[in-house]
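Visitor: Make a model of this:
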Amino acid sequence: MMLRVACVVVLTAMLANCEPAGPKVEGLITVPLIKKEVQWPKARPSVFVALLCRNKAHLIKNVLGYIEEIEYPKDRMIMWIHTDHNQDNTAGLLTEWTSNAQHVYHDVQLTVGDSDAYDQLTENGTAQMHWRESRYKHILHLRQKALDEARKVWADYIFFVDCDNFLVNSQTLNQLVAQRRPVVAPMLDVKPKSAYSNFWCGMDENGYYRRTPEYIPTLTRERVGCFEVVMVHSTYLVNLRLEASQQLAFWPPPGDFGQAIDDILIFAHSVKSAGLKMFILNSEYFGQMMPTSDAFATIEDEAADYEGFKLQYLVDHKDIPYSSFMEHTWPPEDNLGFDEIYLINLRRRTDRYDRMLRCFQELRIPFTWTEAVDGRNVTEEYKASLGITMMENWEDPFGKRPITNGEIGCFISHYKIWEDVVKRNLGAVMVIEDDARFEPGFVQRLSATLDEIDHLGLAWDLIYLGRKRLEGTENWVAGSSRLVTPNYSYWTVSYLLSYRGAKKLLKQEPLTQILPVDEYLPIMFNNHPETGWKEQYKVRDLVAYSVHPLLIF
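Guide: Numbers count the residues shown, from 1 in each chain. The predicted structure follows:
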């Protein structure tokens, strides 16, 4: 939305809530160089939120969902959004959001630009995320445009937010404004944990990143507060009420700037030249940012990475919000061709159930809850009722201890699933324990593995999706690029099981000489280092494979 000159007086009164420093002109007010510092008993400082989006249809509903949850007066916020060069539905989604959200905010301005001029293409025509100098210059022009627009309406602050940053903490904007700093960023975490974030503590003379002793303690929150740094980027708040802030610019680069054309470098130089400073605030957990993508990643690659990001995020957090101003319908669930997908979960571990429920919802995979046998309830009477006896001479290879009731309960949990498979004559099932964590692209990679199995005509009893490898080099299955023949392994976090495999596991009557289930499986595919234990089961013909790389850990 273009702001007419005639509206400047009105917007000044509504947004800036401050007095101009320059002279008044009939019908107009000149842009002030100094804004009077005042208290805000009734109205909070106005914030101009600048969001640049490109090919982010896979995540924009979540990014905006978090922005909507920010506890800051919406009538003190202008949403300025620019999108261009899309090869997905980003523009359509933002148009929908603008139409539905404009009545909530002081103003919502959306600009939709041209299509694919900045893309390099793969051989099959899929857009890549490669950045060239022309794209950096384009971003610099857009950031400068946002800065100019914020000044036109006398916004007190401009809040730049990258569209792959997730502001989880609803108090983020309040916390940043309260710092009263020239430029301040909320420290954003990255999953999986890495030494990357949205700030630098050091920079060399050529403008490149330099690690300093302060960086890691700040990143890990060993020291907590609001600290001066040489660089913030991605998401940060700029105080436009300061006289010196009028000197800040993204474009054109200043004459003494001799570094690479990059928006974060140019803006950091501009802040320093204006005599201002940048700060990073790490006093709370504020949110997440996506890890940097490979330079030639495709849109599909980024969508798969985002799926993995969400699944990792859901390990420690609750639901990821979707924008209330965009329609969101979940795609239909897909059982991936399995007759049943069992989730083994202790009734008392509702936290794990809730996490897995969120993950399955994101993956669109239906599942059947299977109550795990709690080791606390494995009494002598319980063991006698099932005819359970211990394997003679078994002891934990590392702890040199007998089997625990928890391990017995775990075995029975799996055993009951094997019984159900045979009783119901199920062809193939998936078994997942409630501490499983999914790798990025889980569904796509598993589907590709199943297609390869069909193509090879491979007969199988059990396929590990997740495990702990213990020893030895493993050989690829002939003709396969996704399956290996497993050596001795621990863990039963997830596996595929056929009807034939379930029958084989039950036929050996393992409850009569029980040992941990992740010891039993390697014995049954005849790849266990303890010959004495192995030979107590005479038939060891389970046909087992493992996906490689693993899909669950």
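
Visitor: make it CA atoms for all contacts and neighbour counts henceforth
Guide: Will do.

Visitor: What segments of the stretch 451-553 of the chain are helices?
Guide: Remark: helices assigned in the stretch 451-553 of the chain by DSSP state H, counting those that start in this stretch are 499-507, 517-524, 531-534.

Visitor: can you check the stretch 1-150 of the chain too?
Guide: Counting by DSSP H, counting those that start in this stretch, the stretch 1-150 of the chain has these helices, from start to end: 8-11, 60-68, 90-101, 133-152.

Visitor: Now do the contacts for the residue nearest the centre of the chain.
Guide: By CA atoms, centre = their mean, the mean C-alpha position of the chain lies nearest to F309, the distance being 2.5 Å. Going by CA atoms under 8 Å, 6 or more residues apart in numbering, F309 touches K191, M290, P440.

Visitor: avg pLDDT for the one helix or strand Y415 maps to?
Guide: Taking DSSP states H and E as the criterion, the element that holds Y415 is helix 405-423. Taken as a whole, helix 405-423 has an average pLDDT of 97.

Visitor: Give me the helices and strands touching that helix, please.
Guide: The contact analysis (3 or more CA pairs under 8 Å, 6 or more residues apart in numbering; DSSP states H and E) places helix 405-423 against helix 499-507, helix 517-524.

Visitor: Now it: buried residues?
Guide: Within helix 405-423, the residues that count as buried by 16 or more other CA atoms under 10 Å are 405-415, 417-419, 421-422.

Visitor: Over to stretch 95-107?
Guide: By neighbour count on 16+ other CA under 10 Å, the buried set for stretch 95-107 is T95, W97, T98, A101, H106, D107.

Visitor: unless I'm mixing things up, the first one is touching Q109, no?
Guide: No: using CA atoms under 8 Å as the test, T95 is too far from Q109 to be in contact (10.0 Å).

Visitor: Let me see the backbone angles for M278.
Guide: The phi and psi values for M278, taken as degrees, to the nearest 10, are phi -110, psi 150.

Visitor: Surely it and V184 touch.
Guide: Yes: using CA under 8 Å, M278 is in contact with V184, at 5.8 Å.

Visitor: Compare the two (neighbour count), which wins?
Guide: More crowded of M278 and V184, by other CA atoms under 10 Å: V184, with 28 against 24.

Visitor: which residues does the nearest residue to the more buried one once chain neighbours are set aside bridge with?
Guide: Distance criterion CA to CA, 6 or more residues apart in numbering; nearest residue to V184, sequence neighbours excluded, is F279 at 4.6 Å. In this entry, F279 is beta-bridged to V184, E228, by DSSP bridges.

Visitor: what's near enough to touch F279?
Guide: By CA under 8 Å, 6+ apart, the residues touching F279 are R181, V183, V184, A185, C226, F227, E228, V229, V230, M231, V232.

Visitor: can you rerun that using 6 Å?
Guide: Applying CA atoms under 6 Å, 6 or more residues apart in numbering, we find F279 in contact with V184, F227, E228, V229.

Visitor: Out of those residues, who's the most crowded?
Guide: Neighbour-wise, the contacts of F279 (other CA under 10 Å) top out at V184, 28 neighbours.

Visitor: ok, back up a step: after the helix holding Y415 comes which helix or strand?
Guide: strand 428-433.

Visitor: Convert the C-alpha atoms of that next one to PDB, please.
Guide: The C-alpha trace of strand 428-433 is given here as PDB (Å, rounded to 0.1, in the frame of the first residue of the first chain):
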ATOM      1  CA  ALA A 428       4.300 -56.400   7.000                       C
ATOM      2  CA  VAL A 429       4.400 -54.000   9.900                       C
ATOM      3  CA  MET A 430       6.500 -51.200  11.300                       C
ATOM      4  CA  VAL A 431       7.500 -51.100  15.000                       C
ATOM      5  CA  ILE A 432       8.600 -47.900  16.700                       C
ATOM      6  CA  GLU A 433       9.600 -47.200  20.300                       C
END
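
Visitor: Quick check: the residue nearest to the centre of the chain is in a helix.
Guide: Yes: assessed by DSSP: H, G, I helix; E, B strand; the rest coil, F309 belongs to a helix.

Visitor: Report pLDDT for it.
Guide: So F309 comes in at 87 (pLDDT).

Visitor: Tell me how far it lies from M390.
Guide: Separation of F309 from M390 (CA to CA, to the nearest Å): 43 Å.

Visitor: any idea whether S447 is helix, strand or coil?
Guide: Look at S447: counting by three-state DSSP, its state is helix.

Visitor: how far away is it from G337?
Guide: Computed as CA to CA, the S447 to G337 distance reads 9 Å.

Visitor: Could you do R348 as well?
Guide: Distance of R348 to G337, computed by CA to CA: 31 Å.

Visitor: Same question for F398.
Guide: Counting by CA to CA, the gap from F398 to G337 is 39 Å.

Visitor: When those two are compared, which one has more neighbours?
Guide: Applying other CA under 10 Å to F398 and G337 shows that G337 carries more neighbours, namely 12 against 6.
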